[in-house]
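**Student:** return a 3D structure for these sequence lines:
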Amino acid sequence: MAAADSPSTALRRRDLCSRGIRLAGKMRADVVDLLDAYVEQQGLDASASVAAVEGVPLAAVERWDEQTGTQRLLENLAAYRAFRALLAQMLEEQREQLGEADAGLGRALAAVLLQVSAFAYHLEELLRLESRGIPGEEEEEEEEEEEDGPPPPPRLSLFEQKLRGLGGLRELAQWAVRSVRDLRQLAKPSPATGAAPGLAESS
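**Tutor:** Numbers count the residues shown, from 1 in each chain. Presented below is the predicted three-dimensional model:
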């Protein structure tokens, strides 16, 4: 608790939140550009209705203003880990389908994947600042020692892959918007302690 309320910790938190807001803003802009390219390359209707992507949390949440800082960080981290896996799979499928036929789209996917990975790491830094364990770290290390990874998901048809990609990129754009809101909320000082209110509540 004392560490969370210290001026140095509050300053570090604000710095991390500010950098995170910039990262999320840049990521959203790149995802929007990627969506346009993806829709055109895949021959999809930009207004097509797409079901929620399995394994990807929705950005919309009830009672957003009642969440603690730790809840916000954990939900963001879970989402970006899911997007990291989804984008890696999309990139692999893209290469299988087109090879070097559309290297531009592949590069754009890879660039957004790097941004998602960097943002997930940034969220982990914020959680560590609050002395919170990073969920899944120990489990991931044990799994890496025991096996190469979980079994691959069932193969989708080409059209299903395209729709999943469209839905995933749309949701990623929404998450980038929510992340900016979450980090702005976390960066706000508490009138009583000078600590971010959500994180102070959850300490």
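**Student:** so which strand or helix has the spatially most central residue of the chain?
**Tutor:** Centroid-nearest residue in the chain: Y80, 2.4 Å away (criterion: Cα atoms, centre = their mean). Using DSSP states H and E, Y80 maps to helix 69-98.
**Student:** and what of I21?
**Tutor:** Assigned by DSSP H and E, I21 falls in helix 7-42.
**Student:** now that helix: buried residues?
**Tutor:** Within helix 7-42, the residues that count as buried by 16 or more other Cβ atoms under 10 Å are 9-10, 13-14, 16-17, 20-21, 23-24, 27-28, 30-31, 34-35, 38-39, 41-42. Glycine gets a C-beta too; all of them are placed from N, C-alpha and C.
**Student:** for that helix, packing partners?
**Tutor:** helix 103-129, helix 158-187 (3 or more Cβ pairs under 8 Å, 6 or more residues apart in numbering; DSSP states H and E).
**Student:** what is the burial count for R181?
**Tutor:** Close neighbours of R181, defined as other Cβ atoms under 10 Å, add up to 14.
**Student:** list the contacts of the residue lying closest to L86 once chain neighbours are set aside.
**Tutor:** Of all residues not flanking L86 in the chain, G168 sits nearest, at 4.9 Å (Cβ to Cβ, 6 or more residues apart in numbering). Residues near G168 by Cβ atoms under 8 Å, 6 or more residues apart in numbering: 53, 56, 83, 86-87, 90.
**Student:** try it again with 7 Å
**Tutor:** G168 makes contacts with 53, 56, 83, 86, as judged by Cβ atoms under 7 Å, 6 or more residues apart in numbering.
**Student:** try L23
**Tutor:** The contact partners of L23, taken as Cβ under 7 Å, 6+ apart, are 115, 118-119, 122.
**Student:** now which of those would you call buried?
**Tutor:** Buried among the contacts of L23 (16+ other Cβ under 10 Å): 115, 119, 122.
**Student:** relative to E62, which of these is nearest.
**Tutor:** Among the buried ones among the contacts of L23, F119 lies closest to E62 (Cβ to Cβ), at 23.9 Å.
**Student:** quick check: the closest one touching A79?
**Tutor:** No. Between F119 and A79 there is no contact under Cβ atoms under 7 Å: 9.9 Å.
**Student:** ok, back up a step: farthest-separated two in the contacts of G168?
**Tutor:** Using Cβ to Cβ, the two most remote members of the contacts of G168 are V53 and F83, lying 9.4 Å apart.
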